[in-house]
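Participant: A predicted structure for the sequence below; I have some questions about it.
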Amino acid sequence: MRCTKNFVPLAVVALLLVPACAKQPEAGPAPDIAAAPPADAQVHEFTMDEWRDAFCAGGTDWTFDVPTDAWIAMPVSWVAKDEATARANWEGVTYRLTVDGRSLEVPEGLQLRVDSVHFECPNGTIDGIGVSYMTYLPPVTAERHFSVHYLVNDDLNDGWSDYPKGSELTMNLTLRPQGT
């Protein structure tokens, strides 16, 4: 227990000081997800080549190897043909995040980010704009399973595909610590 008091000879107040200190909250475990990493933290962002390989492979289940000593920048994104469509589609979905099957509380203060997306794939080109909130996971020391569950609230079209109201999409990312 630690408390702050003005200096008074310890022998005089030792018995009075202990009951007078408010117990400090115990340090809890690191958050499951954050709006920003700690100021002095190393951060791992997936490269465009890693995202290209995942997108070009298709599907919604992807595996990434990650360093064990860095926070992981994890975008929660929607990609469309152009920025106006991407933003409108983003407003038409709600999302839920899970790690290892457990729902996460979405942190306050997430900043919307806009990025160009251009992937040359064997079966065609993906060329558009992604809007995303960047979230951060603490360093991964064991395999973790991060999922983004989207619920489509309005009929949407991203410029390539239709998503009827009520559609549900889930993106699953398995994060493996490097060296395992």
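Facilitator: Looks like it came in fine.

Participant: Now do the spatially closest residue to Ala73 that is not a sequence neighbour, the pLDDT please.
Facilitator: Among residues not flanking Ala73 along the chain, Glu45 sits closest, at 4.3 Å (C-beta to C-beta, 6 or more residues apart in numbering). The C-beta positions use only the backbone N, C-alpha and C, and glycine is treated the same way. pLDDT for Glu45: 94.

Participant: How about Met171?
Facilitator: 94.

Participant: Go through stretch 80-95 and flag the buried ones.
Facilitator: Across stretch 80-95, burial judged by 16 or more other C-beta atoms under 10 Å covers 80-81, 85-90, 92-93, 95.

Participant: residue boundaries of the helices in this protein?
Facilitator: With DSSP state H, the ranges of helices along the chain come out as 10-20, 48-57, 83-91.

Participant: re earlier: what's around the residue nearest to Ala73, how many residues?
Facilitator: 13 (other C-beta atoms under 10 Å).

Participant: Ok, Lys165 next?
Facilitator: Lys165: 11 neighbours (other C-beta under 10 Å).

Participant: next one: Trp51
Facilitator: 19.

Participant: Now do the contacts for the nearest residue to Thr60 once chain neighbours are set aside.
Facilitator: Spatial nearest neighbour of Thr60, chain neighbours left out: Met171 (5.1 Å); criterion: C-beta to C-beta, 6+ apart. Met171 makes contact with 60, 62, 147-148, 150, according to C-beta atoms under 8 Å, 6 or more residues apart in numbering.

Participant: Let's see that with 7 Å instead.
Facilitator: Taking C-beta atoms under 7 Å, 6 or more residues apart in numbering, we find Met171 in contact with 60, 147-148.

Participant: what separates it from Glu108, distance-wise?
Facilitator: 23 Å (C-beta to C-beta, to the nearest Å).

Participant: and if you look at Phe55?
Facilitator: When Phe55 is compared with Glu108 (using C-beta to C-beta), they lie 30 Å apart.

Participant: Now do the contacts for the residue nearest the centre of the chain.
Facilitator: Central residue of the chain (C-alpha atoms, centre = their mean): Thr135, 3.0 Å from the mean position. The contact partners of Thr135, taken as C-beta under 7 Å, 6+ apart, are 33, 74, 76, 107, 110.

Participant: One more: Ser77?
Facilitator: Ser77 touches 130-132, counting by C-beta under 7 Å, 6+ apart.

Participant: hey, which strand is longest across the protein?
Facilitator: Taking DSSP state E as the criterion, the chain has its longest strand at strand 124-137.

Participant: Thanks a lot, see you next time.
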